[in-house]
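[1] Kindly return the folded structure for what I paste below:
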Amino acid sequence: MTIRAVEFYGGIGGLHLALARSGCDAQVVAAYDWDPSACQVYAENHGPGIVKAVDICRLTASDIAIHRAHIWLLSPSCQPYTVLNPNARGEDDPRAASFLHLIRNVLPKLHVDHPDHAPRWLLIENVAGFEGSTTRRTLIQILRELKYDLEEFLLTPHQFGIPNSRLRYYLLARLRPQDSDGGLTEDSTSSEPLAGIKRSIPSPYAWATGTLDVESADPIQDTALQISFYLDETVDNTTNPHPSAIPDHILAKWGRLLDIVRPSDRRSCCFTRSYTKLVEGSGSVLQMEEELDTNTAFTSYAQAVQAGSHPNPLSILEPLRLRYFTPNELLRIFHFTPPPSFTGERLPLPSGQGEETQPYSFKWPPSITTKTKYRLIGNSVNVEVVTRLINYLVSSKGDFSQL
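    Residues are numbered from 1 along each chain as shown. Next up, the predicted model:
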């Protein structure tokens, strides 16, 4: 029987795509998000009629029951919990209200009034830092009261061979069978926020056996792919300046704060919704000229500025050919679309059952600006990581026969 899924905070469809790429016979029957631009992109890629632009705080148990969903996929706002936000207020932040409404009100009411339509599984994604929040403690308490078995993770794409560090918190919940006395709840019962949170994905059958088979977990890749595999092939990267070149005023004032990587590198920093708007902590930039030493160039630039005799000190930095990643390159790093070329190196192991029957081509509506693309991608999930988690969550013996 086909698994029916509902997405909350669907964004541009990363959770939808992860479910489609998993080994599950599954279908997203409804998706909710408050952002009109995100909903427009979602509909462009997954068809009209699935996503609805609504205030999730207004949803009721009856609204959700009609979907008869077996699984909830949720990626609520990370702003109340991120360490990058010095004013993060946790559950007191208005942006946390809709998620707390779903957990405190909608889900328990669904179990009481519509028990046959309560979700069997939940997958929740948020920023690293959520694990120390009062929201997490509330979430754990309510899910345990509703008889869900729980498992928590802190995972980054880099451990799966993707050249990007994006540490994220994930919670998986599986409704306990009525005749069961309990399952994998030990990971989330400790009062210590970090106790039991896993750094790798166990065997898909750990849920079924009640044991954590760490030896057969997803292998952590010692070496990620080179960034070059994720770069645009349709853009002439020898063009100077590149269409995504970093503006002179940014280089002049903030150049030393940039996290600069080369195409041959195998790592990059976390890309956020503020990429290209903020310099520090929003993501890496590219140095397309591999052979030049970055520190030497910036030192020469600083000396020229201090001396005051150089007619154009910024020209010293031009040979580095510094630029931002393009939106389409970030889509590949987030694994919305596969890298265009991988001859000669091994890609991360496929998540689902074989290759996709039809290549996936992400589409941007014409009205979406480049600035909005960066914001929407920065709010998204890494599709590869979520796909692996979905496979682990639902791939235990007997689940499908009980739907």
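[2] Which helix or which strand is home to the residue sitting furthest away from the middle of the chain?
    Taking CA atoms, centre = their mean as the measure, the residue most remote from the mean C-alpha position of the chain is residue 309, 47.6 Å away. In the assignment (DSSP states H and E), residue 309 maps to no helix and no strand.
[3] And the pLDDT for it?
    We have a pLDDT of 88 for residue 309.
[4] And it, how far from residue 299?
    Going from residue 309 to residue 299 by CB to CB, to the nearest Å gives 16 Å. In this view, the C-beta of every residue, glycine as well, is placed from N, C-alpha and C.
[5] Same question for residue 49.
    As judged by CB to CB, residue 49 and residue 299 stand 57 Å apart.
[6] Neighbour count for these two, which is higher?
    The neighbour comparison of residue 49 against residue 299 (other CB atoms under 10 Å) goes to residue 299, with 13 against 8.
[7] In a helix, that one, correct?
    Yes - looking at residue 299 with DSSP: H, G, I helix; E, B strand; the rest coil, it is inside a helix.
[8] ok, it to residue 245 distance?
    Distance of residue 299 to residue 245, given as CB to CB: 21 Å.
[9] hey, where'd the strands end up in the stretch 301-403 of the chain?
    322-323 (DSSP state E, counting those that start in this stretch).
[10] Then the stretch 51-200 of the chain?
    Assigned by DSSP E, counting those that start in this stretch, the stretch 51-200 of the chain shows strands spanning 51-53, 71-74, 121-127, 148-155, 168-175.
[11] closest one to residue 326 among those strands?
    Closest to residue 326 of these is strand 168-175 (CB to CB; 23.0 Å).
[12] just checking, what packs against that closest one?
    On a contact count with 3 or more CB pairs under 8 Å, 6 or more residues apart in numbering; DSSP states H and E, strand 168-175 meets strand 121-127, helix 134-145, strand 148-155, helix 383-394.
[13] Am I right that residue 201 is in contact with residue 155?
    Yes - if you go by CB atoms under 8 Å, residue 201 and residue 155 touch, sitting 7.4 Å apart.
[14] shared neighbours of the two, anything?
    Common neighbours of residue 201 and residue 155 are listed as residue 389 (criterion: CB atoms under 8 Å, 6 or more residues apart in numbering).
[15] Share the number of residues neighbouring the residue nearest to residue 381 when sequence neighbours are not counted, please.
    Excluding the flanking residues, the one nearest residue 381 by CB to CB, 6 or more residues apart in numbering is residue 14, at 4.1 Å. Residues lying near residue 14 (other CB under 10 Å) number 27.
[16] distance of residue 14 from residue 294?
    Counting by CB to CB - residue 14 and residue 294 are separated by 32 Å.
[17] same check, this time on residue 251
    Separation of residue 251 from residue 294 (CB to CB): 12 Å.
[18] For these two, indicate the residue with more neighbours.
    residue 251 (20 against 17).
[19] give me the low-pLDDT residue ranges for the stretch 101-250 of the chain?
    179-195, 203-222, 234-240 (pLDDT under 70).
[20] could you redo the last one with a cut-off of 80?
    Scanning the stretch 101-250 of the chain for pLDDT under 80 picks out 178-195, 203-223, 234-240.
[21] so can I have a markdown table of the strands of the stretch 51-200 of the chain showing mean neighbour count and distance to residue 323?
    Formatted as a markdown table, these follow (neighbours: other CB atoms under 10 Å; distance: least, CB to CB, whole Å):
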| stretch | mean neighbour count | distance to residue 323 |
| --- | --- | --- |
| strand 51-53 | 19 | 33 |
| strand 71-74 | 24 | 34 |
| strand 121-127 | 24 | 27 |
| strand 148-155 | 22 | 29 |
| strand 168-175 | 23 | 26 |
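[22] for these, which one sits closest to residue 80?
    Nearest of the strands of the stretch 51-200 of the chain (CB to CB): strand 121-127, 9.3 Å.
[23] With adjacent residues omitted, what lies nearest to residue 135?
    residue 91 (4.7 Å).
[24] can you give me the helices in the stretch 301-403 of the chain?
    Ranges of helices in the stretch 301-403 of the chain, per DSSP state H, counting those that start in this stretch, are 327-333, 370-378, 383-394.
[25] Take the strands of the stretch 51-200 of the chain and write them to JSON lines, including distance to residue 63.
    Below are the strands of the stretch 51-200 of the chain laid out as JSON lines (distance: least, CB to CB, whole Å):
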{"stretch": "strand 51-53", "distance to residue 63": "10"}
{"stretch": "strand 71-74", "distance to residue 63": "13"}
{"stretch": "strand 121-127", "distance to residue 63": "17"}
{"stretch": "strand 148-155", "distance to residue 63": "21"}
{"stretch": "strand 168-175", "distance to residue 63": "20"}
